[in-house]
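Q: What follows is a predicted structure for the sequence shown.
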Amino acid sequence: MADSYADFEAYLQTTASARLADYLELLRIPSISALSEHAGDIRTAAGFVADRLRAAGIEHVEVAETGGHPVVYGDWLHAPRAPTVLVYGHYDVQPVDPLDLWETPPFEPRVENGRVYARGAADDKGQVHLHLAAAAAWLAVRGAFPVNLRYVVEGEEESGSENLERWLEEHRDRLSADVAVISDTGFFEGNLPAITVGLRGMMYAQIDVVGSRLDLHSGSHGGAVMNPALALAEILAGLHDHDGRVAVEGFYDDVVELTGGDRAELARLPFDEEAYRESLGVPALHGERGYTTVERKSARPTLDVNGIWGGFEGEGAKTIIPAHAHAKVSCRLVPDQDPHRVFELVRDRILELAPVGVRVEVRLINTGHPLVTPIDHPATQAAAACIREVFGKAPLFIREGGSVPVACSFASVLSLPVVLLGFTPPDDQAHAPNESMRLDNYELGLRTVIRYWDALAAIGLAASLD
Ligand SMILES: [Zn+2]
């Protein structure tokens, strides 16, 4: 089998250093989608992706407006008897704070010990870049793809994919395909090859607690009014019970309970709880009683406080009762929880917990639906075969605790089976300081994608992919 890709191997070895240099160039663009001051960088990153698609030989490449950050689209449709694959990734990245915890600046990529360190190295620029490299390789080495390809690379994934679903709906006809390949997930603990078959959904909200018009002197007014920071603390403390369950009525109503088979599958994963605890630096693990750590972090819903602020945070003492206090809270959701319904339930519970003497408002920031894909789908099995061939190990089928809001849109808006094919190492520190990508994962991931187009072609036409 290896021999049949000798031409690719020769090409990939000759182009290796140029490929790495190009990847680093993408990483130097600070395309943080959540911060408006980076809107220009977002455009630069979109332009970079469009440029590389064009250079590879992909056609109809455009930087398409969505009302928010643009989507980069391109296609190659010259394999009439073969399936059409829609490839998805995102060129935007998470904010970089706390900046002082980065060993080197987040947008000055550093290569060390076989890794690239930079914001976005893993999530998701590494994966986007390896797809660009795979496209360039196919057309350079063989002159044509064995399948039809459509590339959709968006710029708002890290801030909720606000406009993508509408864009997909508007362009539904142009986006017809037989399968969607989403590369925004990764391998299992110990860098064991894995294919993600479940993603959690998301409900993200902000709580604003307001008391007085201005901060009050705590000597003159302490004892006479409700303190908004204290009120917020009471509200947040009321959102869980002592068993680590979310104390919001109705929260678990739509949760599809794990079957015995699901739990057995998750229990088989080679997960070292103590090594995991140690790697996080926490004194003890914590979560919902009655479920294993793997279940809690991948297949059970959660509610977290993402940030909390208000009042005096400077040096020394300032004796005030803050006028207001705020928190960002989010839920990771599992099938069949609906993020909008969950928002209503959480909001109602927060308002119920709000003490007298403050005004409380809860605003929805963004949502994403949960997704589970079938392990026995031929496109999933073909991906598994390619991973086994390239990485020398059969992949595990895992549920990822994270969310890719768009994964559900591909399934619901475009009615496509979704394969979550990603290669990032589990210790990539995505979303955190010192994010990194293993270069061997990148290179082997690239070779896996190259083979995967052949494997999908071998499965054949639309009918057999449904
Ligand atoms: Zn991502």
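A: In hand now; what should we look at? If you're wondering where the values come from, they're calculated on a predicted model, not measured in any experiment.

Q: what helix or strand does the residue of the chain most remote from its centre sit in?
A: Within the chain, the residue lying farthest from the chain centre (Cα atoms, centre = their mean) is S220, at 48.7 Å. Assigned by DSSP states H and E, S220 falls within helix 218-221.

Q: Kindly export that helix (C-alpha atoms) in PDB.
A: This file holds the C-alpha atoms of helix 218-221, laid out as PDB (Å, rounded to 0.1, in the frame of the first residue of the first chain):
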ATOM      1  CA  SER A 218     -19.400  50.900  52.500                       C
ATOM      2  CA  GLY A 219     -19.100  52.900  55.700                       C
ATOM      3  CA  SER A 220     -22.100  55.100  55.000                       C
ATOM      4  CA  HIS A 221     -24.300  52.500  53.300                       C
END
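
Q: who does the closest residue to A229 other than its chain neighbours bridge with?
A: Take A229 and drop its neighbours on the chain: the residue closest to it by Cβ to Cβ, 6 or more residues apart in numbering is A325, 4.2 Å away. All C-beta spots, glycine's among them, are computed from the backbone N, C-alpha and C. Counting by DSSP bridges, A325 is bridged to V209, G310.

Q: quick revisit: per-residue confidence at the residue farthest from the centre of the chain?
A: The model reports S220 with a pLDDT of 96.

Q: for the one 4 residues further on, same thing?
A: Looking at A224, its pLDDT reads 97.

Q: quick one: it and L232, what's the gap?
A: 19 Å (Cβ to Cβ, to the nearest Å).

Q: out of those two, which sits in the busier spot?
A: Ranked by neighbour count (other Cβ atoms under 10 Å), A224 and L232 place L232 first, with 29 against 9.

Q: near the ion, which residues of the stretch 51-200 of the chain show up?
A: Within the stretch 51-200 of the chain, the positions near the ion by Cβ under 5 Å from the ion are 123-124, 184.

Q: Restricted to helices, list the residues you listed.
A: The members of these all map outside helices under DSSP state H.

Q: Looking at the residues you listed, which is nearest Y452?
A: Distance to Y452 across those (Cβ to Cβ) is lowest for D184, with 15.7 Å.

Q: mind checking how far that closest one is from V419?
A: Going from D184 to V419 by Cβ to Cβ gives 12 Å.

Q: Switch the residues of the stretch 51-200 of the chain next to the ion over to CSV; also include pLDDT, neighbour count and distance to A135.
A: Shown next, in CSV, are those (pLDDT from 0 to 100; neighbours: other Cβ atoms under 10 Å; distance: Cβ to Cβ, whole Å):
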residue, pLDDT, neighbour count, distance to A135
D123, 95, 27, 20
D124, 97, 27, 16
D184, 93, 26, 17
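
Q: Could you list the buried residues of the helix or strand Y73 falls within?
A: Assigned by DSSP H and E, Y73 belongs to strand 71-76. Going by neighbour count (16 or more other Cβ atoms under 10 Å), the buried part of strand 71-76 is 71-76.

Q: same question, stretch 159-178
A: Within stretch 159-178, judged by 16+ other Cβ under 10 Å, the buried ones are 159-165, 167-168, 171, 175, 177-178.

Q: Quick check: end-to-end length of that stretch?
A: 28 Å (Cα to Cα, to the nearest Å).

Q: what residue ranges in the stretch 251-400 of the chain score low on pLDDT?
A: Residues of the stretch 251-400 of the chain meeting the criterion pLDDT under 70: none.

Q: Pairing-wise in the sheet, spell out the partners of the nearest residue to A354 once chain neighbours are set aside.
A: With sequence-adjacent residues excluded and distances taken as Cβ to Cβ, 6+ apart, A354 is closest to V360, at 4.1 Å. Per DSSP bridges, the residues bridged to V360 are V209.
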